[in-house]
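Novice: what follows is a predicted protein model with its sequence.
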Amino acid sequence: MEGPNYGCRVGGDLELIVRERDYDQVAAQDGRRQLKKSVVMMASRACIQRYTSLLDTKAANHGRQEGSRLIIDNESIVAVKVWMEVFHRQTPHDMNITIRDVWWAIHFGNKYLLERKEGAELTNQDVEDEDALKPAKNMSLLSDWFTRYYNIHEKYFKGKDDRGKLRAFSVLAPAYWFDCPQIFLDITRHIAYNTAGHIENDNPTKCIDQYMRGVPNRALSQLSAARGSQRGRLEKFLPHASPPCLNHEGQCLDVIVFSHKQSLLKTGIKSLFSLADRKRTLNELLDNLDEYEFSLTIINTGSHHSNGPVTPLWSTKLCRDCTGIPLARKAESLTSGVLAASRSVRKNFGGLCLDCMHKFKTEGDDDDYFRHDEPGKHDQGCRVEHGQPTWYFSYMGRKELMLRHQGRLAEERRKKKQELRERATYTLVDTRY
């Protein structure tokens, strides 16, 4: 017994029976899932034929026809409804659906849509060829709908669930498959700065088959590499050696360097690569650094912790040149340096760019991709604005090609510096005569 019309407003001359299976229950011995519910929808036969393979009995994936009815089995009723409204050029009005149904929309699109991305491979498996990263099916029909859906629920998806896991992981795949570059840029940046563990797809459906696909592993690896790069960048800005603003030697330098490290410790940061701090997110570390304030800590070399000779001067005061105004200036310089490092890392990585990932702007040409590696050109041809870090980590080609490109750039910079030095030397010699 089929349920009533599910409220799909499209209407038409074809009766659809959509059967949704229960994935919360254990499957039967033959692998089939128990029927959860079944509803009737009316749709246009012409629209179904235009966009899908449901009525094409020769296609690998098609619906089962029973008289004048078309049976669509093992799909989400809500997801099918969204697709039908889009096929009939109507705006889906239900913005309160679950992310599980959004993923089922990916499943339906991968299984039944006819239109493919231009230049995309038939497979979307994780192989060496970067073309396999391009979504094989063109699901951009749902781009506007998902953008509105995400904008309404953005705050929810940037929060955490009951397990403490970031909900943003579940948004990666819809943004990728529905071709939403701004959402993908935003959500990948949010994940990079607000997670510390493994970056992975979060499939909320419990359905695992060839059509329920997340973001390819290559893209997830690049996102993880981008996050690690920002930690390395922060570590570079906060060296454990002498801060560059100090030019003194001996005991005063030791006292100020030690005080600098102690001031860092007071923010709660031990070492960015220590076991404790590796479990903390970038934003947590940066928030701690924003609380940095240099304070002088006198080294007491007379204590039992010191291996050096007892020097009363170290335990009582700094030299005249390092006290008063000079010390205040050093403290201000150290504090501003740490805060500047925090600001620099916060704004460095903007997220991953779908257009760079798919190289649609370069027609798949690696050399043309590398020609974009100039100030002002990194986002040329992209639908979103971004800088060099996003361009770099959005490259899905072979790593050795990027390394070769960077090697060429380094060699070109070295030659330019050499030419400038030679010109400066020639000018200096020429002015003497």
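Specialist: Perfect, I can see it now.

Novice: show the model's pLDDT score for P135.
Specialist: On pLDDT, P135 comes in at 69.

Novice: before we move on, what about G67?
Specialist: Value for G67, per-residue pLDDT: 79.

Novice: please tell me how far it sits from S44.
Specialist: In this view, G67 and S44 are 18 Å apart by Cβ to Cβ, to the nearest Å. For glycine as for every other residue, the C-beta is placed from the backbone atoms N, C-alpha and C.

Novice: again with L282
Specialist: Taking Cβ to Cβ as the measure, L282 falls 50 Å from S44.

Novice: more neighbours, the two?
Specialist: Neighbour totals were compared for L282 and S44, and L282 leads with 22 against 16 (other Cβ atoms under 10 Å).

Novice: secondary structure element for the residue nearest to that one when sequence neighbours are not counted?
Specialist: Distances taken as Cβ to Cβ, 6 or more residues apart in numbering place Y193 nearest to L282, at 4.6 Å, with adjacent residues excluded. Assigned by DSSP states H and E, Y193 belongs to helix 181-194.

Novice: I'd assumed D202 was in contact with V215.
Specialist: No. With contacts counted by Cβ atoms under 8 Å, V215 stays clear of D202, the gap being 10.3 Å.

Novice: shared neighbours of those two, which are they?
Specialist: By Cβ atoms under 8 Å, 6 or more residues apart in numbering, V215 and D202 have these common neighbours: L172.

Novice: who's more crowded, these two?
Specialist: Shown here are V215 and D202; by other Cβ under 10 Å, V215 has more neighbours (23 against 17).

Novice: confidence score at V78?
Specialist: The model reports V78 with a pLDDT of 95.

Novice: so it belongs to a strand, correct?
Specialist: No. Per DSSP: H, G, I helix; E, B strand; the rest coil, V78 lies outside any strand segment and is helix.

Novice: so which bits of the lengthiest helix in the chain are buried?
Specialist: Assignment by DSSP state H gives helix 399-430 as the longest helix of the chain. Of all the residues in helix 399-430, those buried under the rule 16 or more other Cβ atoms under 10 Å are 402, 405.

Novice: gap between it and the chain center?
Specialist: 34 Å (Cα atoms, centre = their mean, to the nearest Å).

Novice: do stretch 141-158 as well
Specialist: On Cα atoms, centre = their mean, the centre of stretch 141-158 falls 16 Å from that of its chain.

Novice: please, where are all the strands along the stretch 51-200 of the chain?
Specialist: Assigned by DSSP state E, counting those that start in this stretch, the stretch 51-200 of the chain shows strands spanning 64-66, 69-73.

Novice: let me have those strands in TSV, extended by distance to G31 and mean neighbour count.
Specialist: Converted to TSV, these look like this (distance: least, Cβ to Cβ, whole Å; neighbours: other Cβ atoms under 10 Å):
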stretch	distance to G31	mean neighbour count
strand 64-66	17	12
strand 69-73	13	18
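
Novice: only alpha carbons, please: show the helix or strand A219 falls within as CSV.
Specialist: Applying DSSP H and E as the criterion places A219 in helix 217-237. Output in CSV follows, covering the C-alpha atoms of helix 217-237 (Å, rounded to 0.1, in the frame of the first residue of the first chain):
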residue,chain,number,x,y,z
ASN,A,217,40.9,11.3,-0.5
ARG,A,218,43.4,13.4,-2.4
ALA,A,219,41.5,16.6,-1.5
LEU,A,220,41.3,15.6,2.1
SER,A,221,45.1,14.9,2.2
GLN,A,222,45.7,18.4,0.8
LEU,A,223,43.4,20.0,3.4
SER,A,224,45.3,18.1,6.1
ALA,A,225,48.6,19.3,4.6
ALA,A,226,47.4,22.9,4.6
ARG,A,227,46.5,22.7,8.3
GLY,A,228,50.0,21.2,9.1
SER,A,229,51.6,24.0,7.1
GLN,A,230,49.9,26.7,9.2
ARG,A,231,51.2,25.0,12.4
GLY,A,232,54.7,25.0,10.8
ARG,A,233,54.3,28.6,9.9
LEU,A,234,53.4,29.5,13.4
GLU,A,235,56.4,27.6,14.8
LYS,A,236,58.6,29.5,12.4
PHE,A,237,57.3,32.8,13.8
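
Novice: elements contacting it?
Specialist: helix 181-194, helix 282-289, helix 325-348, helix 388-393 (3 or more Cβ pairs under 8 Å, 6 or more residues apart in numbering; DSSP states H and E).

Novice: just checking, next helix/strand downstream of that helix?
Specialist: Per DSSP H and E, the first helix or strand lying C-terminal to helix 217-237 is helix 251-266.

Novice: pLDDT of that following helix, averaged?
Specialist: For helix 251-266, mean pLDDT rounds to 77.

Novice: may I see the buried residues of it?
Specialist: Residues of helix 251-266 classed as buried by neighbour count (16+ other Cβ under 10 Å): 251-252, 254-257, 259-260, 263-264.

Novice: quick one: which of the residues you listed is nearest L296?
Specialist: Lowest distance from L296 to the buried residues of helix 251-266 (Cβ to Cβ) belongs to S259, with 5.1 Å.

Novice: surely that closest one meets L296?
Specialist: Yes. S259 is within contact range of L296, at 5.1 Å (criterion: Cβ under 8 Å).

Novice: picking that back up, chain center to the helix holding Y193: distance?
Specialist: 4 Å.

Novice: can you name the residues in contact with it?
Specialist: Outside helix 181-194, the residues within contact range by Cβ under 8 Å, 6+ apart are 146-147, 150, 157-158, 166, 168-169, 171-172, 175-176, 199, 223, 226-227, 230, 281-283, 286, 346, 349-355, 382-384, 386, 390.

Novice: got the CA positions of that helix in CSV?
Specialist: Taking Å, rounded to 0.1, in the frame of the first residue of the first chain, the C-alpha atoms of helix 181-194 are listed here in CSV:
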residue,chain,number,x,y,z
PRO,A,181,32.9,27.1,-4.5
GLN,A,182,32.2,29.7,-1.8
ILE,A,183,30.8,27.2,0.7
PHE,A,184,33.7,24.7,-0.1
LEU,A,185,36.3,27.5,0.4
ASP,A,186,34.6,28.6,3.7
ILE,A,187,34.1,25.1,5.2
THR,A,188,37.6,23.8,4.3
ARG,A,189,39.1,26.8,6.0
HIS,A,190,36.9,26.3,9.0
ILE,A,191,38.0,22.6,9.3
ALA,A,192,41.7,23.5,8.9
TYR,A,193,41.6,26.0,11.8
ASN,A,194,39.1,24.2,14.1
